[in-house]
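# what's the 3D shape of this:
(2 chains)
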Amino acid sequence: MSAPALSEPMGQPIRGPRALSDSWGRFWQLAYNIARSEFKLKFFGSALGYLWQVIRPLLLFGVLYVFFVLIFKVDKGKGAAGDFYGAQLLGSIVLFTFFSESTAGAVRSVVDRETLVRKIQFPRLAIPISVVLLALFNLALNLVVVMLFALIAGVRPMLSWLELPLILAMLVVLGTGIAMLLSALFVRFRDIQPIWDVVAQILFYSSPVIIPVETVREKLAYGDQLERFLYHVYTLNPLVTIFQQFRHAMINHATLSAGQALGSWAALLAPLAIVTALFVLGFWYFNHEAPHIAEDL
Amino acid sequence: MPAEQTAVQGRPALAAQGVHKRFEIPEERSHTLKERALHPLRRSRHEELYALKDISFAVPPGEFFGIVGRNGSGKSTLLKCLAGIYRTDEGKIWCNGRMSTFIELGVGFNPDLAAYENVALNGIMLGLSPREARARFKRVIEFAELEEFQDLKLKNYSSGMHVRLAFSVAIQVDADILLIDEVLAVGDAAFQQKCFDVFNRMREEGRTIIFVTHDMSAVTRFCHRAMLLERGEMVSIGDPREVADRYLEIAFGRAAGYEDDDVGSARMGDGAARVTDVWLGDDQHEHRAVAPQSEPLTLKVLVTFNTDVLDPAVSMTLLNEQRQPVVVATTAKDQEETGSFQVGERAVFAFSFHNMLAPGRYHPILTITHRGEGLDVIDRYAGGLSFVVSGLTSSGGMVEIPVETEVSRWGLAPPSEIEPAGGPR
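Numbering: from 1, shown residues only, chains lettered A, B, ... in the order given. From the prediction side, this is the model:
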């Protein structure tokens, strides 16, 4: 009737579900293969298939370009900083597309894989990470389009292109941190989705996608106390640093570098700290929730 | 890979000690921030459900171990704890060797992807490396007999094909320890036979298998040992046959099977004698409620006489769950002269037969009559006892009579008798 009393460890302990597995190899294989099948699913059955991934940002770019460049001429009156505005705009759109795909795409990711989570033991974090991987893959292809566009527009290769990995690293860390946080939060709070939709929209308009940093700086940075405060808040957004440095290093040196936009290189520590904090918070929360996600679904 | 190679000598393949698991069930689940904000205290209002209470057991390498129990008894929760899908609240679990879990077949199969993609992804989820998973595809598709359909999207598969594919993936994973939940209940007869063959092969290969099921015939057929869970507690562990009997007892009736029933419990007759007890087997106080199939069965009836009665007869009608009389027997047939009984005397009337009843629950109705045509009723007693026939064969008939079959050739039929095959397609 009774089992033998076990006082010493009897082998490899089973500790229940966790965010990560003991083997990094397995973790990445899982994340990669989930992303891979998701990629196949997304484009199977559509006539243009993968081309849509490139066409979508281009379409948005076309619309914004017509309104803001041809009609409102936002690129005029900035001297050399206004050069290659089209390539700057497209670059920012592509970067924002990654941010939006990795975060908004992650919100439902864990809940939508309920059957997996409830029935198989695997490192839970592989799910949001696979969303980021998929977005990263799309970003890589879109960036090729951006650089082609820039070269055709007349941008010449620069040494500062070597900064690209750093700029992308900051973006990926930011996207991953938020993806981990949102996917775990959504298990308990289903209103994360509408909330994040709105937040992402606000971020789109408050980041230097359409309106360049130079314009915002002119309007706010030298104004009264309130305006200067608003400018300070504006620069805390890590996307401002990322997008602006991309414009500066990749497209047009005449634009402000991120450091100049923020006032000093030391000021860059604030958005960097925010990115790091979001990543740590996201990982901590996901790791904390991982053991009981299967029960909370 | 045989289990012996990876497991440390002398250690169990899987061991659990003092495992507790409870679920918090909120009375009203607040899923939105608004509800949370408006009712910040609501979170504290929840019920606790103990799904598992102090479960300890060890499974040696190479054992085929069954976990049985009714719905909600905690057996699937236990399996999920063993698999590492749920975290235990207390207690420890250890394993030695590579473990693979099949809580449900085809978990994560995506209807919009072809068989190849699904097999590869499922294999990776179950712990294979991508290379292993892809290399195994051919074997998987062959075992599932789906070679012609391998490029079809899964949504175009029939449910049977789906299940076959899923099962093939599951058994192609080379794990030392397999956790399996209710997989035999699927597929057609031929495929089930194939599954049984696979289980036998795994048994012979010395793999450790933990198997959750409702199917008592599978438990007694495959398991070396079994465990019965009821309301989160371990009720018994050991010989699969005994565990299966205990399961049927719990599943079909209360321990002793005595209950008030609606099988016309009103007493009839003149009351010259009364049935005072009914039991199975030799021991009146054992309160057996299970009668194993294909074994001798004895039903005993204790009668107390209130007046002098000459040559009374007792008849028994066994009703099945559908209230159909399956067996009718009377003492008047064998011994018309049962004797003369005095006031206050007691007598036991026994009915013995070889139990060929289909598995299920039975109610005996007992009638005492005066000598003669059996129309002059002294007492009619119903609903005192009900018992369960436990059995491994359930053909679907009301009784399981041994039937011999034979096939022999009978020459050629005249052409006029041969009908066109098929019919409308």
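
# strand partners of the helix or strand harbouring B:V68, parallel vs antiparallel please.
Per DSSP states H and E, B:V68 falls inside strand B:64-69. Under the criterion DSSP bridges, strand B:64-69 sits next to strand B:208-213 (parallel), strand B:225-230 (parallel) in its sheet.

# Where does chain A get nearest to chain B, residue-wise?
Closest to chain B within chain A is A:G16: 3.1 Å, counting by CB to the nearest CB. Bear in mind the C-beta positions are built from the backbone N, C-alpha and C, glycine included.

# quick one: that residue and A:A294 touch, right?
No. The pair A:G16 / A:A294 is not scored as a contact, 9.1 Å apart, by CB atoms under 8 Å.

# Common neighbours of the two, please.
Overlap of the contact sets of A:G16 and A:A294 (by CB atoms under 8 Å, 6 or more residues apart in numbering or on different chains) consists of B:I85, B:Y86.

# before we move on, the earlier item: wasn't the residue of chain A closest to chain B part of a strand?
No. Going by DSSP: H, G, I helix; E, B strand; the rest coil, the assignment for A:G16 is coil, not a strand.

# how about the nearest residue to it, chain neighbours excluded?
Excluding the flanking residues, the one nearest A:G16 by CB to CB, 6 or more residues apart in numbering or on different chains is B:R87, at 3.1 Å.

# one step back: tell me, how many neighbours does the residue of chain A closest to chain B end up with?
Applying other CB atoms under 10 Å in any protein chain shown, we find 20 residues neighbouring A:G16.

# can you pull the pLDDT of A:R108?
Looking at A:R108, its pLDDT reads 94.

# tell me the secondary structure for the residue in the stretch 51-200 of chain B positioned nearest to chain A?
For the stretch 51-200 of chain B, the residue closest to chain A is B:R87, as judged by CB to the nearest CB, at 3.1 Å. Secondary structure, three-state DSSP: B:R87 is coil.

# Next, the contact list for it, please.
Taking CB under 8 Å, 6+ apart as the test, what B:R87 contacts is A:R15, A:G16, A:P17, A:P291, A:H292, B:C81.

# Lowest mean pLDDT across the strands paired with strand B:64-69, which one is that?
For these, mean pLDDT drops lowest on strand B:208-213, to a mean of 88.

# can you list the strands paired with strand B:64-69 in CSV and add mean neighbour count?
As requested, the strands paired with strand B:64-69 are exported to CSV (neighbours: other CB atoms under 10 Å in any protein chain shown):
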stretch, mean neighbour count
strand B:208-213, 24
strand B:225-230, 24
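
# Of these, give the one that comes closest to A:G175.
strand B:208-213 (40.8 Å; CB to CB).

# Please work out which residues outside the closest one touch it.
B:3, B:13-14, B:59-68, B:75-76, B:78-79, B:82, B:97, B:176-182, B:184, B:199, B:202-203, B:218-219, B:222-223.

# just checking, what packs against the helix or strand of chain A with the lowest mean pLDDT?
Lowest on mean pLDDT, DSSP states H and E among the helices and strands of chain A sits strand A:12-13, with a mean of 82. In terms of contacts (3 or more CB pairs under 8 Å, 6 or more residues apart in numbering or on different chains; DSSP states H and E), strand A:12-13 is packed against strand B:90-95.

# how about the helices in the chain?
Because you didn't say which chain, this covers chain A. Here chain A has its helices, by DSSP state H, at A:24-43, A:51-64, A:85-107, A:109-112, A:114-119, A:126-153, A:164-188, A:192-206, A:213-220, A:225-236, A:238-246, A:258-262, A:269-289, A:293-296.

# Can you look at chain B instead?
Under DSSP H, chain B gives helices at B:3-6, B:33-38, B:75-83, B:115-125, B:130-135, B:137-143, B:159-171, B:189-204, B:216-222, B:240-252, B:331-334.

# Please tabulate those helices in CSV and include distance to A:T215 as additional columns.
Below are these laid out as CSV (distance: least, CB to CB, whole Å):
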stretch, distance to A:T215
helix B:3-6, 66
helix B:33-38, 36
helix B:75-83, 57
helix B:115-125, 48
helix B:130-135, 49
helix B:137-143, 57
helix B:159-171, 57
helix B:189-204, 69
helix B:216-222, 74
helix B:240-252, 75
helix B:331-334, 108
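
# just so I know, which of the ones you listed lies nearest B:D311?
helix B:331-334 (8.6 Å).

# Could you list the low-pLDDT ranges of the stretch 51-200 of chain B?
By pLDDT under 70, the low-scoring segments of the stretch 51-200 of chain B are B:183-189, B:192.

# Give me every residue in it lying close to chain A.
B:56-58, B:80-88, B:92-96, B:101, B:103-104, B:107-108, B:110, B:112-113, B:117, B:120-121, B:124-127, B:129-130 (CB under 8 Å from any CB of the partner chain).

# thinking again about what came up before, what about the least confident helix or strand of chain A, distance to the chain center?
From the chain centre to the centre of strand A:12-13 is a distance of 37 Å (CA atoms, centre = their mean, to the nearest Å).

# How about stretch A:204-213?
With CA atoms, centre = their mean, you get 15 Å for stretch A:204-213.

# average model confidence for it?
So the average pLDDT for stretch A:204-213 ends up being 90.

# Correct me if wrong: B:V327 contacts B:H354.
No. Using CB under 8 Å, B:V327 makes no contact with B:H354, being 11.3 Å away.

# The two: who's more crowded?
B:V327 (20 against 10).

# Check that one and give its pLDDT.
Reported pLDDT for B:V327: 88.

# mind checking how far it is from chain A?
Going from B:V327 to chain A by CB to the nearest CB, to the nearest Å gives 36 Å.

# Contacts only, for that residue.
B:V327 neighbours (CB under 8 Å, 6+ apart): B:M316, B:T317, B:L318, B:F353, B:L357.

# Make a PyMOL selection of the buried ones in those residues.
Applying 16 or more other CB atoms under 10 Å in any protein chain shown to these, the buried members can be selected in PyMOL as follows:
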select buried, chain B and resi 316+317+318+357
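
# Quick check: nearest residue in space to A:L236, chain neighbours excluded?
A:L236 sits nearest to A:A270 (CB to CB, 6+ apart), 5.7 Å away.

# What count of nearby residues applies to the one you found?
By other CB under 10 Å, neighbour count at A:A270 equals 15.

# Over to A:L148?
11.

# again with A:M158
Counted with other CB under 10 Å, the neighbours of A:M158 add up to 13.

# Quick check: closest non-adjacent residue to it.
Nearest to A:M158 is A:H253, by CB to CB, 6+ apart, at 7.0 Å.

# Over to B:T317?
B:T317 sits nearest to B:I365 (CB to CB, 6+ apart), 4.5 Å away.

# give me every residue that touches residue 239.
By default, I'm working from chain A. A:L95, A:F96, A:F99, A:L174, A:L203, A:S207, A:P208.

# my bad, chain B
B:R225, B:A226 are the contacts of B:D239 under CB under 8 Å, 6+ apart.

# Quick one, grab the pLDDT at it.
In this prediction, B:D239 has a pLDDT value of 90.

# How many residues are close by the residue nearest to B:G18 when sequence neighbours are not counted?
In space, and not counting its chain neighbours, B:G18 is closest to B:G91: 4.0 Å by CB to CB, 6+ apart. For B:G91, the neighbour count with other CB under 10 Å is 16.

# and B:G91, how far is that from B:M234?
B:G91 sits 12 Å away from B:M234, going by CB to CB, to the nearest Å.

# Identify the contacts common to the two.
Joint contacts of B:G91 and B:M234 (CB under 8 Å, 6+ apart) are B:D54, B:I55, B:S56.
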